[in-house]
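Asks: structure for this input, please:
(2 chains)
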Amino acid sequence: MKSGTMSRRSFLGGLSALGAVGVSKSLFPSWMPRLAFRQADQAAAGDVLVCVFLRGGIDGLSAVVPYGEGGNYYDRRPTLAVPESSVLDLDGFFGFHPTLAPLHEVFQAGGLTVVHATGSTDPSRSHFDAMQFMEYGTPGSKTTGTGWIGRHLQTAAWQNDSPFRAVGMGALLQSSLRGSQSPLSLRSIADFHLRGREGELRQLEQILADLYTMQAPPDLLGSQAQLVFDAVDTLQSLSAENYVPANGAAYPEDDMGFGLGLRQIAQLIKADVGLEVACVDLGGWDTHENQGTLDGYFNALLDTLSRGLAAFYADMADQMSGITVVTMSEFGRRVEENASHGTDHGHGNFMLLMGGGVHGGQVYAQWPTLASEALSEGDLAITTDYRDVLAEVVSMRLMNPALEQVFPNHTVTPLGLIVPR
Amino acid sequence: MNVSRRQFLKMAGGTGAAAAASLVPLPLTHWQRIQQTALPSANSPVLHLLNRLTWGARPQDVEHANAVGYEAYLEEQLNPEQIDDSALDAILETMPVLQMDRRTVFSLIEPYYRSYQALIKGMIARAVHSERQLLERMVEFWSDHFNIGSSDLSPEMITYQRDVIRRHAMGRFRDMLLSSAQSVAMLYYLDNYLNVAEHPNENYARELLELHTLGVDGGYTETDVVEVARAFTGWTINDASDTGFYFDPSVHDTDAKTVLGHELPAGRGIEDGLHVISIVNNHPSTARFLCFKLCRRFVSDDPPESLVESAAQVWMETGGEIRPVLRHIFLSAEFRGSAGQKLRRPLDFFIGTLRATGTEIREFWALDEMLSDLAQVPYGWQPPDGYPDTAEAWMNSSGLLGRWNIAMTLTHGAFSDPDQQSIMTSHLIERVGEPATVGELVTQVSALVYGAPLEDLAPYIEFVSDGAGSNAPVTPHVIARKLGSLFGLLLAAPTYQWR
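Replies: Numbering: from 1, shown residues only, chains lettered A, B, ... in the order given. Next up, the predicted model:
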């Protein structure tokens, strides 16, 4: 709906005539001692984690289709079920929606594993509560205040003083990153610089740095300013517009920034700037009406997801042995479709694990079945706690054994999805 | 200076070490200690009131409010229909789309883009220029509360914003609730137009309970969600009707229902939905939830329980009249003690900047892009819960950098770059008059930005005078080279981010 008559670049281009100079870190006082440090010769101790949150509640029964359920599935989804003849078979019982073909290739190559009937065990069907529970890593508790990734970063045996240690793609930081470490929020590498009149810019930067040092108390505002100054130089040197993905990988250019986010994560990993964890979102899955099956709204969104993850996998082929990608969504959708050719809020859902360290090519599910008596208030039950999936990644790929702090009050059940690093 | 830096490092180190050792969650009160002393409003109740109920306190606002007094100014703002707003009315005459009915909007060429543009321009013009500032603040509050975020619905949003949100913004909650339930925009946005007896669509029912009335912890069950959905079956759209709302008895579920313990007898039609509106409107959880949100918006991110409780009591006593509740909040001791505790959201920051500098953005696409850069395009939040209200949601590195860049863009570009002047113009020079010294100039500009002069102006004086000090004369060179940056720095400063 927005006018495309004037390009955004032309506007910003006009402004950058005023100058866009990198901020030199040396201009600024070292504001606060970092909590810890990474020794110069110490490599990152674990995989890079890429956490993809599918906001709105993706319809897992249309994405990873339990076609082997027969009537339990097809009878409840008279207009939405994915026909057995269309699915891309995974294991003789489950099959991918055909639009996931690019990921099916990764699955067959052993780089992808699927978990089904998983999720956050709290029964809430509220988007906002369910997202918070899942991102905090504490289903049912609203007062945790920190995210599971934030706690992982706090408790990891090594520390890393890079401003890029944890990056949230998008305008608002993901709750999973909350914690005492300050994650960097990043929308566009190309735009991450201070604008102002050339010749005066350094002076303005110095004054801003002083103002935020002297006036801002030791709160998040001051630490965010520090992050900005720390990150600007590095990002300037990356020249985002010239980035060429490897192996012909083509990221989707969706208007939600999912493709851009993954592409920028790839660029940061290759630039070796100390990235350990990146979060990126793809929203819009709240398909209460006319979601469509093989074409239509849901299919288009699934295509963005599929092409984005596959492009990342191709682009990062040389680095994938040290990367784990995980997807999740706050809940699944009701088994029975509603009268508006959509699906209401449900419970159990699927997760994807992609990377060099997963036992790929399998669907892991303690499948509860879709028989009426097996449903949870009409929805797919949860038989695998999503924390068990993440705990395996945290302990075996991120090399952090402090699971009782990352997922407090949860006893971890081993699932065997992960190859130890 | 040295002392404060040493203290700063010491405190920072202490905080960090404690957090690393014991996993203390970030306390919410963390945000409440911030900046309370540095802001001019800390010592001026009137300025504090203006900071919260306006979109930016201009010196003339401060002067007027000081002249009539705190309570009289509040009463004025609580009665917007008695405030002359002819300057704004003249601007709105250039935006005829805002006054059109549904059919006329759709008869336009490019109805989606025309209405999208009118909505954004109208929202910004009203916030910047209206004298009825509290009304505009309440329109913002209700637009978040009854959020509809979908560019596909722009033509319907013209009616929704005018006839649902604005009409009832200072009236009775029940009227807005019912009006929203029957608005085409809401019927589309939360899918109730498709809600029929066979396989009800629960989307509206759930958000009605969770977001519009009781709140997620307000004491309803999953069964209540289903029962409410059944009650609203048949509330749909017929474009042939004037409002677009239509009750279709043929798809209504006529069986008996139970909602929050109330029996809805079998055999009824539209009365089921109306009955549910009354049940949720009168529910004590609704009073509490709405008052919590009002206090969070106008007082602090973690508002005092005592104030939420007493405001909810006023709400219950008056049957959900908005004005007495607002009066109660703004006159409370809890409010008076909360200066500096709210972070300006990106839109607060942006509109405050426009009010302080007098910048006019001529090209719509430039306005749209700046709002996108700040991540708060009006009516652009897609989930139904509305843009976040708390500091922790907004304050991050990309948000902070975005503010700095908008501050510099609006002040430098408009002021000193000829290439930018077709896009925007500002009135910085007219605003400052003819101060003799740099000290006077900086004092005056800080008052334009903050509503009253800042106490610590040393870094700004140093910058503008090139180190010559506050007695240095204001030369044409100073005006030409420094004035835009001075405004920009004052707006980019940490103190300006709080109100």
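
Asks: chain neighbours aside, what residue packs nearest to whichever residue of the stretch 101-250 of chain B sits closest to chain A?
Replies: In the stretch 101-250 of chain B, the residue that lies nearest chain A is B:L194 (3.4 Å; Cβ to the nearest Cβ). Yep, even glycine has a C-beta here, placed from its N, CA and C like the rest. Once flanking residues are discounted, B:L194 sits nearest to A:S340: 3.4 Å by Cβ to Cβ, 6 or more residues apart in numbering or on different chains.

Asks: contacting residues for the residue of the stretch 101-250 of chain B closest to chain A?
Replies: With contact set as Cβ atoms under 8 Å, 6 or more residues apart in numbering or on different chains, B:L194 has these partners: A:H288, A:E289, A:N338, A:A339, A:S340, A:G342, B:N201, B:T236.

Asks: confidence score at it?
Replies: Looking at B:L194, its pLDDT stands at 94.

Asks: try B:A12
Replies: 26.

Asks: and B:V196, that one's in a strand?
Replies: No. Under the criterion used here (DSSP: H, G, I helix; E, B strand; the rest coil), B:V196 is coil, not part of a strand.

Asks: isn't it right next to B:V251, touching?
Replies: Yes. The pair B:V196 / B:V251 is scored as a contact, 3.9 Å apart, by Cβ atoms under 8 Å.

Asks: list the residues that contact both of the two?
Replies: Joint contacts of B:V196 and B:V251 (Cβ under 8 Å, 6+ apart) are B:T233, B:G234.

Asks: apart from its neighbours in sequence, what residue is nearest residue 247?
Replies: You didn't say which chain, so I picked chain A. A:N247's closest residue in space is A:A314 (Cβ to Cβ, 6+ apart), at 4.6 Å.

Asks: the chain in question should be chain B.
Replies: That would be B:I270: by Cβ to Cβ, 6+ apart, it lies 4.3 Å from B:F247.

Asks: ranges for the helices of the stretch 201-350 of chain A?
Replies: In the stretch 201-350 of chain A, the helices defined using DSSP state H, counting those that start in this stretch lie at A:201-214, A:220-238, A:258-271, A:297-315.

Asks: so what's the residue nearest to B:F247 up against?
Replies: B:I270 neighbours (Cβ under 8 Å, 6+ apart): B:G234, B:W235, B:F247, B:P249, B:H252.

Asks: now do the second one, the pLDDT please.
Replies: On the pLDDT scale, B:W235 is placed at 98.

Asks: show me where the stretch 101-250 of chain A dips below the pLDDT cut-off.
Replies: Low-confidence segments of the stretch 101-250 of chain A, defined by pLDDT under 70: A:180, A:214-220.

Asks: what segments of it are strands?
Replies: A:112-119, A:166-169, A:184-186 (DSSP state E, counting those that start in this stretch).

Asks: again, but for the stretch 351-499 of chain B
Replies: Going by DSSP E, counting those that start in this stretch, the stretch 351-499 of chain B shows strands at B:360-361, B:424-425.

Asks: touching chain A at all, the stretch of helix or strand B:V308 belongs to?
Replies: Element membership for B:V308 (DSSP states H and E) is helix B:305-318. No. Judged by Cβ under 8 Å from any Cβ of the partner chain, helix B:305-318 and chain A are separated, with a smallest distance of 14.9 Å.

Asks: what's the spacing between the next helix or strand after that helix and its chain's center?
Replies: Reading on from helix B:305-318 to the C-terminus, the next helix or strand found by DSSP H and E is helix B:322-331. Centre-to-centre, helix B:322-331 and its host chain are 17 Å apart (Cα atoms, centre = their mean, to the nearest Å).
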